[in-house]
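Trainee: Just to be clear, the model below is a prediction. Sequence and coordinates:
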Amino acid sequence: MIVTCGECGKKVEIEPENVIERKVPGYGLRETYFICPHCETEFPVCITNRECRMLQVQIRNTDTQFREPLQKKLRKMMNELNGKGER
Ligand SMILES: [Zn+2]
C-alpha cells in the first residue's frame, strides 16, 4: 500500500518494517502506527485491543465462506475503538 506523507509530501510504501506496534495506556490496548522513512513522522493506523487481535487470528484460521460474520464483528469493534462507530 502506498500513501502520501502528510508531512513531507513524499510517497511512502507501507511495508512491515515501517509498521510498528506499541502498547498504549488502557487494558490490553495497542496502537499500530507507521513511520515515514523520509521525515520520521509517526502516523497512527489503528488501535486494537486483545479481543480484536484474538478475532483477527480466528478469522485467519476460519474458512473463507464462514469469515463474513467474524469480519463484521471485528469491523464493529475496530470502529468503536477508533472512534468511528455509527450509533
Ligand atoms: Zn514524511
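Mentor: Cool, the structure landed. Numbering: from 1, shown residues only.
Trainee: elements contacting the helix of greatest length in the chain?
Mentor: Using DSSP state H to define each element, the chain has its longest helix at helix 68-81. Judged by 3 or more C-beta pairs under 8 Å, 6 or more residues apart in numbering; DSSP states H and E, the packing partners of helix 68-81 are strand 42-48, helix 50-60. Heads up, the C-betas are built off the backbone N, CA and C, glycines and all.
Trainee: Any chance of the backbone angles for the residue of the chain most remote from its centre?
Mentor: Residue farthest from the centre of the chain, counting by C-alpha atoms, centre = their mean, is Q65 at 23.3 Å. Per-residue torsions, Q65: phi -70, psi -10 (degrees, to the nearest 10).
Trainee: could you give the mean pLDDT of the longest helix of the chain?
Mentor: Helix 68-81 comes out with an average pLDDT of 96.
Trainee: Give the closest residue to E7 in space, chain neighbours not counted.
Mentor: Nearest non-adjacent residue to E7, counting by C-beta to C-beta, 6 or more residues apart in numbering: T41, 4.1 Å away.
Trainee: distance of the one you found from the ion?
Mentor: Relative to the ion, T41 is positioned 5 Å away (C-beta to the ion, to the nearest Å).
Trainee: ok, that residue - contacts?
Mentor: For T41, the contacting residues are C5, G6, E7, C8, I35, by C-beta atoms under 8 Å, 6 or more residues apart in numbering.
Trainee: In strands, which of the residues you listed appear?
Mentor: I35 (DSSP state E).
Trainee: count of neighbours near the residue nearest to C39 when sequence neighbours are not counted?
Mentor: Using C-beta to C-beta, 6+ apart and skipping the chain neighbours, the partner closest in space to C39 is C8 (4.1 Å). By other C-beta atoms under 10 Å, 12 other residues sit near C8.
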